[in-house]
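Trainee: structural data only, the sequence is not supplied:
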């Protein structure tokens, strides 16, 4: 059969990234408590395409991924990226793996157990020099109370749920749980999946006693990341889904 992808192209336009996007696939990621956690990821895989090539071979991306049986680690990610370049004849390769990661949390007073989910992404790239770049992204939901609202009101203060997105590059391995702990400690209060009445009273009062602007949250997270010698680069975005406005409050820091 004729291999159309291998036919020459005469438009003289290279493509930066070509491949598959949004493939759902079962994966296993490292879990600090249990060793491995099974979850379902959305995976995108790309390579560059030279100007003279008509197309890439899409099925080979899935074949490469399947050889690693869904185990996600620094070693497997590096090997996948190298295999993509070798098998598809590319100079650069890219992979994005996004998945829900679950952590068991106990409520603060009654110690009721529940699972919190955090959206995580691992983004890997490899260039022609075999250098591998890995970025870990973790999205953490939080609660914030507005300091200004508390200061100017006779009683009460407006509070809202927010989300902090942390992206990191690092020298050594870093646990997802470490990022989650840093963010939750920097919020007015963290979020739980199960709260009894005593717990609800506790978290409401804790947040009220610890009001923070979106700027405060972003800076507090950034400060802890800056103090970690293992982290070589990071970005922090904090977004509060305002309860009294039809827009969000937002802050971003990159170091």
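Mentor: Cool, the structure landed. Just so you know, these numbers come straight off a predicted model, no measurement behind them. Numbers count the residues shown, from 1 in each chain.

Trainee: could you list every helix and strand in contact with the helix or strand encompassing residue 77?
Mentor: Residue 77 is part of helix 74-88, with elements assigned from DSSP states H and E. Applying 3 or more CB pairs under 8 Å, 6 or more residues apart in numbering; DSSP states H and E, one finds that helix 74-88 contacts strand 35-49, helix 58-67, strand 93-106, strand 113-126, strand 132-145. The C-beta positions use only the backbone N, C-alpha and C, and glycine is treated the same way.

Trainee: single out the most deeply packed of the ones you listed.
Mentor: Highest mean neighbour count among those (mean count of other CB atoms under 10 Å): strand 132-145, with a mean of 20.

Trainee: in the helix or strand following that one, what counts as buried?
Mentor: Per DSSP H and E, the first helix or strand lying C-terminal to strand 132-145 is helix 147-152. By 16 or more other CB atoms under 10 Å, the buried positions in helix 147-152 come out as residue 150.

Trainee: how far is helix 147-152 from where the chain is centred?
Mentor: 32 Å (CA atoms, centre = their mean, to the nearest Å).

Trainee: tell me how far the ends of stretch 109-118 are from each other?
Mentor: Length of stretch 109-118, first residue to last, CA to CA, to the nearest Å: 23 Å.

Trainee: other residues contacting it?
Mentor: The contact list for stretch 109-118 (CB atoms under 8 Å, 6 or more residues apart in numbering) reads 100-107, 138-141, 176, 180, 191-196, 198-199, 202.

Trainee: same thing but 6 Å
Mentor: The contact list for stretch 109-118, computed with CB atoms under 6 Å, 6 or more residues apart in numbering, reads 100-106, 138, 140, 193-194, 196, 198-199, 202.

Trainee: and what of stretch 183-192?
Mentor: With CB under 6 Å, 6+ apart as the criterion, stretch 183-192 contacts 105, 107, 140-145, 164, 203, 206-207, 210, 212, 217, 220-221.

Trainee: returning to what we had before: out of the helices and strands packed on helix 74-88, which comes closest to residue 17?
Mentor: Nearest to residue 17 among the helices and strands packed on helix 74-88 is strand 35-49; the distance by CB to CB comes to 3.8 Å.

Trainee: distance to residue 170 and mean pLDDT for the helices and strands packed on helix 74-88 - can I get that in JSON lines?
Mentor: Conversion of those to JSON lines gives the following (distance: least, CB to CB, whole Å; pLDDT from 0 to 100):
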{"stretch": "strand 35-49", "distance to residue 170": "20", "mean pLDDT": "96"}
{"stretch": "helix 58-67", "distance to residue 170": "24", "mean pLDDT": "94"}
{"stretch": "strand 93-106", "distance to residue 170": "17", "mean pLDDT": "97"}
{"stretch": "strand 113-126", "distance to residue 170": "12", "mean pLDDT": "97"}
{"stretch": "strand 132-145", "distance to residue 170": "7", "mean pLDDT": "96"}
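
Trainee: which stretch among the ones you listed comes nearest residue 19?
Mentor: Comparing these by CB to CB, strand 35-49 comes nearest, at 3.7 Å.

Trainee: partners of the closest one, with directions?
Mentor: Using DSSP bridges, the strands paired with strand 35-49 are strand 15-31 (antiparallel), strand 93-106 (antiparallel).

Trainee: just to revisit the earlier point, out of the contacts of stretch 109-118, who's nearest residue 48?
Mentor: Among the contacts of stretch 109-118, and counting by CB to CB, the member closest to residue 48 is residue 138, at 28.2 Å.

Trainee: contacts only, for the closest one.
Mentor: The contact partners of residue 138, taken as CB under 6 Å, 6+ apart, are 118, 120, 166, 176, 179.

Trainee: need the contact list for the spatially closest residue to residue 250 that is not a sequence neighbour.
Mentor: Excluding the flanking residues, the one nearest residue 250 by CB to CB, 6 or more residues apart in numbering is residue 239, at 5.1 Å. Residue 239 sits next to 162, 163, 248, 250 when contact means CB under 6 Å, 6+ apart.
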